[in-house]
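[1] The following block contains a protein sequence and its predicted model.
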Amino acid sequence: MSNSQAPPQKPKNSTKQIIKLTLQIIAIIAIIAALLWYIGTTVPDSYKPDEPTIIKGIDFLLTTIRTMNIGYFLLAFLMYFGINIFFTVRLRRVLSKDGVKTSFGKTLLAQYAGMLTSDFTPGRSGYILTPIYLRDQNVPTTKSLSGILGIQTIEFLAKVAGGIGAIACLMYMVPMATWSEVFNHQEILGVNIGIVLAGLGIGVMFLGAIVLALFTWSKKAVTVFTRIATWRFLKRFTGGLIGKLEEYKESAHSTQRAIPEIVALTLICWVLKGLEWYFLGLALGITNIPLIVYFLIHPLVTALAFIPILPAGIGVQEFGIIGILGLLGVPLATAGVFAIIARLLLILQDLIGVPQIVKSTSLIFSHKKTQEPPITSHEVS
């Protein structure tokens, strides 16, 4: 038998990937336990005084879920469904500017698949895999990737603007003494940790917006990237990407023509996200926060999900929500439950994307299998 018939080699990095995944799972479990423990520390002293702190947190979470207003929760669920509908419309409009026709139903499933992937990847980076989920519609990867990056640029800039508005609103509404009380007088370089967290979220989004804007709409930036990527020490890692850059630049130009529509649909989704949080708050009995405040604070808090440490910023976003709702007078235990349910609501609905992920994965593997050259008779000794 010739060397061409040698058995395929095992992936070189499989062990590292398993270790990395295991560490992430352990970290996620630890963060969830920390959240439940924190909720247990903030419930009234009279609430199950003989139970361990973390058990009190779990019991308070389950009790709150059992007693919440289901009608308002379903309205929040409906608002998130609406967001995904408009996300799908937005993506289809961008692709249509580049001459790509898509099915609404299939694109909606691809949208959910992208969102579900982002729910479990650091910095929500998994959404960048949405082009893979569009392959069953024969959407060219360069065109779908260009559209998605263009959309995310506008999305990030909107969150930056909303985050700045949220900080201004909080600074106006909340006395500094309350900031110190909620964050236990913790400071970093003399600045309250709550303000630091808020600024961190805005900074991450602003940096992301700049990088995406340059890469999507600046031909010079793409040229610089090409030069870096073709550097002989990096070329071995970027070889397959370089051949697509010229096509990508053309698609990016088409994406620019869709900016007005991207902005309009992004603002609609912003309003729906505010309504989602408003109805979720009402479901949990939070009635002291005006609707306009929800519109302002959600871009600031959701920006924390893009911090590339753990999947979708888990823990960072939740404690950010607890801090901001605490500043606005919401009991910290209730704010903690709000944070957990807000994430569960997204994941539960994003599970709609599971069939598309399975389908796309099977297509990828079947495509790879068909690309393998057959063994001809002269290869056999």
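    Perfect, thanks for sending it.

[2] Just give the closest residue to D59, not the sequence neighbours.
    K48 (6.2 Å; CB to CB, 6 or more residues apart in numbering). C-beta: built from backbone N, CA, C; applies to glycine.

[3] who's in contact with the one you found?
    By CB atoms under 8 Å, 6 or more residues apart in numbering, the residues touching K48 are I55, K56, D59.

[4] of those residues, buried ones?
    Burial by neighbour count, 16 or more other CB atoms under 10 Å: within the contacts of K48 this picks out K56, D59.

[5] Now render the contacts of K48 as JSON lines, adding pLDDT and distance to I309.
    Formatted as JSON lines, the contacts of K48 follow (pLDDT from 0 to 100; distance: CB to CB, whole Å):
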{"residue": "I55", "pLDDT": "89", "distance to I309": "28"}
{"residue": "K56", "pLDDT": "88", "distance to I309": "28"}
{"residue": "D59", "pLDDT": "91", "distance to I309": "29"}
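
[6] can you tell me which of the contacts of K48 lies nearest to L207?
    Using CB to CB, K56 comes nearest to L207 of the contacts of K48, at 39.3 Å.

[7] State the helix or strand in which the closest one lies.
    Using DSSP states H and E, K56 falls within helix 53-67.

[8] Run the angle between the next helix or strand after that helix and helix 53-67 for me.
    Counting by DSSP H and E, the next helix or strand C-terminal to helix 53-67 is helix 70-97. Angle of helix 70-97 versus helix 53-67, following axes from the mean of the first three to the mean of the last three CA atoms, to 10 degrees, is 90 degrees.

[9] buried sites along helix 70-97?
    Of the residues in helix 70-97, 72-73, 75-77, 79-80, 82-95, 97 count as buried by neighbour count, 16+ other CB under 10 Å.

[10] one step back: show me what the helix holding K56 is packed up against.
    Helix 53-67 is packed against helix 14-42, helix 332-350, with contacts defined by 3 or more CB pairs under 8 Å, 6 or more residues apart in numbering; DSSP states H and E.

[11] burial measure for L332, as a count.
    The number of residues packed near L332 is 17, by other CB atoms under 10 Å.

[12] Give me the pLDDT value at it.
    You'll see L332 listed with a pLDDT of 87.

[13] can you check Q371 too?
    According to the model, Q371 scores 48 on pLDDT.

[14] Which pLDDT value belongs to K244?
    Reading off the model, K244 has pLDDT 49.

[15] ditto for L346
    At L346, pLDDT is 93.

[16] Point to the helix or strand of the protein where mean pLDDT is at its lowest.
    Lowest on mean pLDDT, DSSP states H and E among the helices and strands of the chain sits helix 235-242, with a mean of 44.

[17] and the longest helix for this protein?
    The longest helix of the chain (DSSP state H) is helix 141-173.

[18] could you give me the average pLDDT of that one?
    Average pLDDT, helix 141-173: 79.

[19] which parts of that helix are buried?
    Of the residues in helix 141-173, those buried (16+ other CB under 10 Å) are 142-160, 162-164, 166-167, 169-170.

[20] any idea which residue sits dead centre in the protein?
    R124 (3.5 Å; CA atoms, centre = their mean).

[21] residue contacts, that one?
    By CB under 8 Å, 6+ apart, the contact list for R124 reads S118, A305, F306, A312, G313.

[22] how much space between V43 and T63?
    Distance of V43 to T63, given as CB to CB, to the nearest Å: 10 Å.

[23] the more surrounded of these two?
    Counting neighbours by other CB under 10 Å for V43 and for T63 shows that V43 has the greater number, 21 against 14.

[24] In this structure the more buried one contacts G336, no?
    No - contact criterion CB atoms under 8 Å: V43 and G336 do not qualify, at 9.5 Å.

[25] Show me whatever sits in contact with both of those two.
    G57.

[26] Give the residue spans of the stretch 251-381 of the chain that score low on pLDDT.
    251-254, 307-308, 363-381 (pLDDT under 70).

[27] Please read the previous query as pertaining to the stretch 51-200 of the chain.
    176-200.

[28] one more time with 80, if that's ok
    122-126, 142, 146, 149-150, 153, 156, 159-160, 162-200 (pLDDT under 80).

[29] Tell me where the stretch 151-300 of the chain has strands.
    187-188, 191-192 (DSSP state E, counting those that start in this stretch).

[30] Let me know how buried the nearest residue to V174 once chain neighbours are set aside is, in neighbour terms.
    Nearest residue to V174 in three dimensions, chain neighbours excluded: L327, at 4.7 Å (CB to CB, 6+ apart). By other CB under 10 Å, the residues close to L327 number 20.
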